[in-house]
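Undergrad: Turn this into a structure:
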Amino acid sequence: MSFPQNTSLSVPTSFIQFTYQSQSIKFTEWISLLTLCLAPLIAHIIAGVPTPIYLCRKRPPWHTFIGHFNPMSILWRYFVITDRRVRAKHWTSIDMAANCALFWTGNGWDGSEEMMLKSRAFCTRIPSLRRISFVSVSMATTVIVTIQGIQSVYSPLQGYSDGNYAFGLAFDTIFFSLAFLGLMRIPAALWLTEDFSYADINRIQRRAGEEMEDLELEAVSTKSPARARTLSDIGLLAADSALLISPEEIFYPSNCWRSMIIRVIFLTPLVGSLALSTAYIGQSQPGYGNFFTGTHLVLILFYLAVTVGAVVTFMIYFWKGNTGDTVLPCIGQTWYKIYTGVLIFLSVAAMVVSGLETRKTKCGTYTTMRPYYDQFGCVGM
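TA: The predicted model follows:
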């Protein structure tokens, strides 16, 4: 298969305009473009995916774990962490630690309110405050991804209003809009931490009795040795009494007005993102016309898949009241694994297609559009 190379200034007329035109980009430029391309993706995966805590001998299959990297899973975790905090009648630092932890048990992933309470029995280190410190790695991460998020909203809106959004699409900007996740992190920012650790629970299991046996808890650690003494071992936390507490004693019901406000706060920007993604499909630009570059087409499919999936799934679980687990309820289902695979495929396709289409314009910027459009996109540069 050969790729058409269009270097003329004639007016392109095809609805889908794919042009191989990246052959003039130097290797050093590709390194810089690749760094800018992956930066939003890596930043928000690091910020949004917690370190797993394994509570049983059997490790999760790769296809089970990979669902946590789905943007929907990250958004869901932010929502539930925020929702629990506002519904909490009493809130302590150990609650914050368990709220942020991701537990793998003999029954699969567990971020439920019940597990949040049971995990107290094998905690070895808890945060010093009921919220994160303003001088901490977590706060610095929030500041960085928030700034990226603000830019990811402002730039597309400005491009849409100016009518040249598509001209700015290139290899280095394809995942730029994923930085939007940074803004969704803000409501949960004060309670997102990894300043905790969990240890060997063999002794705790004997002390807790049958209530802990069904979890098949074995060797477990995050940042401390597997044989470290738990807080309950040294008398700083009463494991037995903690296990007697029920979620109803700590949290207001999931259908309370506090939870409804949080649902609106999270759902509104998701619906707005869906509307914006849809608006780009029919955008008509002076001098450009209605058409798609290959990159534009793949990115619309990718972001529509992300936003439609998130909006529909969130609304279904909000309606059912199934909001008690930091792990997305459908994360282990076949359809969600397929959906995650589709997102991965579309993201890789976007990198490949944009890598072939990206070129440097006469004004020094990068674009996936043909040279003919420089006369419109480079105006004022």
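Undergrad: just checking, residue 183 touches residue 154?
TA: No - taking contacts as Cβ atoms under 8 Å, residue 183 lies outside contact range of residue 154: 11.1 Å. Using the backbone N, CA and C atoms, a C-beta is placed for each residue, glycine as well.
Undergrad: the more surrounded of the two?
TA: More crowded of residue 183 and residue 154, by other Cβ atoms under 10 Å: residue 183, with 16 against 10.
Undergrad: mind checking the SS state of the more buried one?
TA: The three-state label given to residue 183 by DSSP: H, G, I helix; E, B strand; the rest coil is helix.
Undergrad: Over to residue 53?
TA: strand.
Undergrad: what about it, how many neighbours?
TA: 20.
Undergrad: Beta-bridge partners for it, please?
TA: Taking DSSP bridges as the rule, residue 53 bridges to residue 103.
Undergrad: measure it to residue 61 for me?
TA: For residue 53, the distance to residue 61 under the criterion Cβ to Cβ, to the nearest Å works out to 17 Å.
Undergrad: What about the closest residue to residue 318 other than its chain neighbours? Give its phi and psi, please.
TA: Leaving aside its sequence neighbours, residue 318 sits nearest to residue 263 (Cβ to Cβ, 6 or more residues apart in numbering; 5.3 Å). The phi/psi pair for residue 263 (degrees, to the nearest 10) reads phi -60, psi -40.
Undergrad: so what pLDDT did residue 263 get?
TA: Here, the pLDDT recorded for residue 263 equals 95.
Undergrad: what's the answer for residue 197, then?
TA: Residue 197 is given a pLDDT of 84.
Undergrad: Next, count neighbours for it.
TA: Count around residue 197 with other Cβ under 10 Å applied: 21.
Undergrad: One more: residue 56?
TA: Burial of residue 56 is recorded as 18 neighbouring residues (other Cβ under 10 Å).
Undergrad: what secondary structure does it sit in?
TA: Following three-state DSSP, residue 56 is assigned to coil.
Undergrad: Does it touch residue 103 like I think?
TA: No - using Cβ under 8 Å, residue 56 is not in contact with residue 103, being 9.7 Å away.
Undergrad: check contacts around residue 83.
TA: Contact partners of residue 83, counting by Cβ atoms under 8 Å, 6 or more residues apart in numbering, are 254, 259, 262, 263, 323.
Undergrad: switch the cut-off to 6 Å
TA: Contacts for residue 83 were tallied using Cβ atoms under 6 Å, 6 or more residues apart in numbering; they are 259, 262.
Undergrad: ok but it is inside a strand, no?
TA: No - assessed by three-state DSSP, residue 83 does not belong to a strand; its assignment is helix.
Undergrad: which residues of the stretch 101-250 of the chain score low on pLDDT?
TA: For the stretch 101-250 of the chain, residues meeting the criterion pLDDT under 70 lie at 156-166, 199-244.
Undergrad: can you give me the strands in it?
TA: With DSSP state E, counting those that start in this stretch as the criterion, the stretch 101-250 of the chain has strands at 102-105, 108-110, 123-125, 197-198.
Undergrad: so can I have JSON lines of those strands showing distance to residue 333?
TA: Shown next, in JSON lines, are the strands of the stretch 101-250 of the chain (distance: least, Cβ to Cβ, whole Å):
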{"stretch": "strand 102-105", "distance to residue 333": "17"}
{"stretch": "strand 108-110", "distance to residue 333": "11"}
{"stretch": "strand 123-125", "distance to residue 333": "30"}
{"stretch": "strand 197-198", "distance to residue 333": "27"}
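Undergrad: Among those strands, which comes closest to residue 351?
TA: Residue 351 lies closest, by Cβ to Cβ, to one member of the strands of the stretch 101-250 of the chain: strand 102-105, at 27.9 Å.
Undergrad: Please name the nearest non-neighbouring residue to residue 16.
TA: Nearest residue to residue 16, sequence neighbours excluded (Cβ to Cβ, 6+ apart): residue 292, at 5.3 Å.
Undergrad: what's the neighbour count on the one you found?
TA: Residues lying near residue 292 (other Cβ under 10 Å) number 18.
Undergrad: Check what pLDDT it gets.
TA: Per-residue pLDDT puts residue 292 at 77.
Undergrad: Test my guess that it contacts residue 169.
TA: No - under the criterion of Cβ atoms under 6 Å, residue 292 is not in contact with residue 169, lying 10.2 Å apart.
Undergrad: intersection of neighbour lists for those two?
TA: Common neighbours of residue 292 and residue 169 (Cβ under 6 Å, 6+ apart) do not exist.
Undergrad: What about residue 277, how many residues nearby?
TA: By the criterion of other Cβ under 10 Å, residue 277 has 21 neighbours.
Undergrad: Assign residue 331 to helix, strand or coil.
TA: Residue 331 - assigned by three-state DSSP - is coil.
Undergrad: Please report how far it lies from residue 325.
TA: 9 Å.
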